[in-house]
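Q: coordinates for the following, if possible.
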Amino acid sequence: MKEILYRLFNHDTLDKATAHQVLVDLAGGKFNQSQVAAFLTVYMMRTITVDELTGFRDAMLELCVPVDLEGYDAIDLCGTGGDGKNTFNISTLSSFVVAGAGQAVAKHGNNGVSSVCGSSNLMNYFGYEFTNDSTELKRTLDEANICFLHAPLFHPAMKNVAPIRKDLGVKTFFNMLGPMVNPSFPSKQLVGVFSLELARLYGYLYQKTTKDFLILHALDGYDEISLTGAFKMVTNEGEQLLQPTDLGLSQLSQQDIYGGDTVESSAKIFEHVLKCEATDAQHQVVVANSGMALYCADRSQSLEEALAKADESLKSGKALNAFKKLIEKKTSIANS
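A: Next comes the predicted model:
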């Protein structure tokens, strides 16, 4: 690792094979905590290259515990996190909206590192029991049209890195990798990223796959459609710069979509949105993101039609029903 660190500190970059091997060795516990922290810190201070990101991604996928969900044609909705905005759990809510609208979802998630409440924190709060058992995951897809893939159960090799990431408390290149390493290898994916640069990197890498993809980045820094201003959308067909009004929705303020300082406050908003008791702003931002996911999953429909389906999924209670079925009525929301 010393040689690698010297190279990186001298502004050198890693080729794909070297990046791949470093991550394999890192996962294997070959480096001490200080070396790992130093390695992670490099990519907080400079741009990651396509070769480096590709090598890291390939290593993660090789080391993961795969799950075969091919028969479900599921989509993943996953953001990189790391935008520092502390929004409520928009992509997690959108996953249930999409499931309620009839599109199967294989949601990849983790605990928050640079935010108060990641998707796994939220699901754990509601009593969901994480599993990597394929039979159980398929059962929840059959019953709720959604399954939840808690990243640590599918990437056990990363257990050496998790405490260091938590101690650092800021985004690292593992945030960049999160959406790319869904262990079910979905052919459809909505991805939110925290920078324009990363949006371009993702677009470049995903163009080399057979995925139907849609990458989102709000120009004011959110890793999702925030409706607080313009956002970039990158798909298999190219790039578009859109405004909230292009979706028929209002422009919001940052405070409108703030998630609070605790898991409990995020969970309260989550419940209110699913029960249609949320503010209009909270409802709109979930519709925007889930509508985009439905559009990504089925390009034969218009964006307007996809947004209408998302809105109907929430207002009809279908999204709430998908949530209830997934957690098997273990929470207060399911019993209310």
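Q: ok, for D256, nearest residue in space, not its chain neighbours?
A: Closest residue in space to D256, ignoring its immediate chain neighbours: A281 at 3.8 Å, by C-beta to C-beta, 6 or more residues apart in numbering. Using the backbone N, CA and C atoms, a C-beta is placed for each residue, glycine as well.
Q: is the one you found in a helix, a strand, or coil?
A: Look at A281: counting by DSSP: H, G, I helix; E, B strand; the rest coil, its state is helix.
Q: quick one, what contacts the nearest residue to H20 once chain neighbours are set aside?
A: Leaving aside its sequence neighbours, H20 sits nearest to G55 (C-beta to C-beta, 6+ apart; 3.9 Å). Residues near G55 by C-beta atoms under 8 Å, 6 or more residues apart in numbering: 14-23.
Q: and what of Y206?
A: By C-beta under 8 Å, 6+ apart, Y206 lies in contact with 189, 213, 215, 236.
Q: confirm H217 sits in a strand?
A: Yes. According to three-state DSSP, H217 belongs to a strand.
Q: pLDDT score assigned to it?
A: pLDDT for H217: 95.
Q: sorry, back to before: which SSE is the residue nearest to H20 in?
A: Element membership for G55 (DSSP states H and E) is helix 50-63.
Q: pLDDT on that helix, on average?
A: 95.
Q: re the thing from before, who wins on neighbours among the contacts of Y206?
A: Counting neighbours by other C-beta atoms under 10 Å, the top entry in the contacts of Y206 is Q189, with 26 neighbours.
Q: which of the three states applies to that residue?
A: Q189 carries the three-state label strand when classified by three-state DSSP.
Q: quickly list what it is bridged to.
A: Counting by DSSP bridges, Q189 is bridged to D76, F213.
Q: in this structure it contacts T210, no?
A: No. Taking contacts as C-beta atoms under 8 Å, Q189 lies outside contact range of T210: 11.4 Å.
Q: helix/strand/coil for the closest residue to L69 other than its chain neighbours?
A: Counting by C-beta to C-beta, 6+ apart, L69 lies nearest to S184, which is 4.4 Å off, once chain neighbours are set aside. With three-state DSSP as the basis, S184 sits in coil.
Q: and the angle from the helix or strand V287 falls within to strand 212-218?
A: Here V287, judged by DSSP H and E, is contained in helix 280-297. Relative orientation of helix 280-297 versus strand 212-218 (axes from the mean of the first three to the mean of the last three C-alpha atoms, to 10 degrees): 150 degrees.
Q: which outside residues touch the following helix or strand past helix 280-297?
A: Using DSSP H and E, the helix or strand that follows helix 280-297 in sequence is helix 303-315. Among residues not part of helix 303-315, those counted as contacts by C-beta under 8 Å, 6+ apart are 94, 97-98, 100-102, 247-248, 273-274, 276, 283, 286-288, 290-292, 294-295, 298, 301, 318-319.
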